[in-house]
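Peer 1: quick one: sequence plus predicted model below, questions after.
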There are 2 protein chains.
Amino acid sequence: MVRLRPRYKVWFETEEGYVLGPGTFNLLKMIERKGSLRLAAESLGMSYRYAWGLLKKVERHIGRPILRTFKGGSHGGGGATLTEEGRWLLEEYSKILEAFSRISEEYEKTSKN
Amino acid sequence: MVRLRPRYKVWFETEEGYVLGPGTFNLLKMIERKGSLRLAAESLGMSYRYAWGLLKKVERHIGRPILRTFKGGSHGGGGATLTEEGRWLLEEYSKILEAFSRISEEYEKTSKN
């Protein structure tokens, strides 16, 4: 038999519908790393406008801000961090992704194909 | 916090690429139930041609037939069953789907959101 590899896409919904999937997850991670929405969007090849839209959609669905922006600072130029809700989303998505990835690896190891 | 529900799509790939996902999985299940590709396609709202194409694509990717068709029989009209490879694919996809669904249910139970 051929060797089957499970592939998957996972996303979160609320009763209102879609909240976030891999694209927004990567954006949130990158905002934490770069400390700036503009730099995060850039390094993912997204336009700033598109990245902003992704975040606003999440905020509309969960009813809370997930991004906190600020101006200036000692290095100038301002930046952005995630709010508590934003970090919570990031952690929850990481958890489910890890669980799915474990299942997928176990399948590849144990399947006798 | 809002209540997050994980949703997912899972599919199989080989080194050659995509093999099957939820659509073809449902078709294979229905063929086993109905004993006919035509009836299976009908009950899923697919055209016969489209259903046939899905199966042929799988066969091209795994290099083995997954459908066995036959004519006539005591009730007339012929029918179709899955080959050993077809049943194997059905079982493997069921396994991975079950594992993912267990993870997803566990997440919903244990998450304190």
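Peer 2: Great, that's in hand.

Peer 1: CA only for contacts and neighbour counts going forward, please
Peer 2: Will do.

Peer 1: state the phi and psi torsions of A:Ile66.
Peer 2: With angles defined as degrees, to the nearest 10, A:Ile66 shows backbone torsions of phi -110, psi -10.

Peer 1: just checking, it touches A:Leu90?
Peer 2: No: A:Ile66 lies out of contact with A:Leu90 (C-alpha atoms under 8 Å); the separation is 10.1 Å.

Peer 1: between these two, what contacts are shared?
Peer 2: Counting by C-alpha atoms under 8 Å, 6 or more residues apart in numbering or on different chains, A:Ile66 and A:Leu90 have no contacts in common.

Peer 1: where do the strands sit along chain A?
Peer 2: Assigned by DSSP state E, the strands in chain A fall at A:5-14, A:17-20, A:67-70, A:79-82.

Peer 1: next one: the first one to chain centre, how far?
Peer 2: Relative to its parent chain, strand A:5-14 has a centroid offset of 13 Å by C-alpha atoms, centre = their mean, to the nearest Å.

Peer 1: ditto for the third one
Peer 2: Its chain's C-alpha centre lies 17 Å from the corresponding centre of strand A:67-70 when counted by C-alpha atoms, centre = their mean.

Peer 1: do the last one as well
Peer 2: In terms of C-alpha atoms, centre = their mean, the centre of strand A:79-82 is set 14 Å apart from its chain centre.

Peer 1: any residues of chain A in contact with chain B? List them.
Peer 2: Counting by C-alpha under 8 Å from any C-alpha of the partner chain, the positions of chain A adjacent to chain B are A:1-14, A:62, A:85, A:96, A:99-100, A:103-104, A:107.

Peer 1: give me the buried subset of the residues you listed.
Peer 2: Among these, those classed as buried by 16 or more other C-alpha atoms under 10 Å in any protein chain shown are A:4-6, A:8, A:10-13, A:62, A:85, A:96, A:100, A:103-104, A:107.

Peer 1: out of these, flag the one nearest to B:Phe70.
Peer 2: Closest to B:Phe70 out of those is A:Leu4 (28.5 Å), distances taken as C-alpha to C-alpha.

Peer 1: where's the most centrally placed residue in chain A relative to B:Thr83, distance?
Peer 2: Compute the mean C-alpha point of chain A, and by C-alpha atoms, centre = their mean the closest residue is A:Phe25, 0.7 Å away. Remark: distance between A:Phe25 and B:Thr83 (C-alpha to C-alpha, to the nearest Å) = 41 Å.
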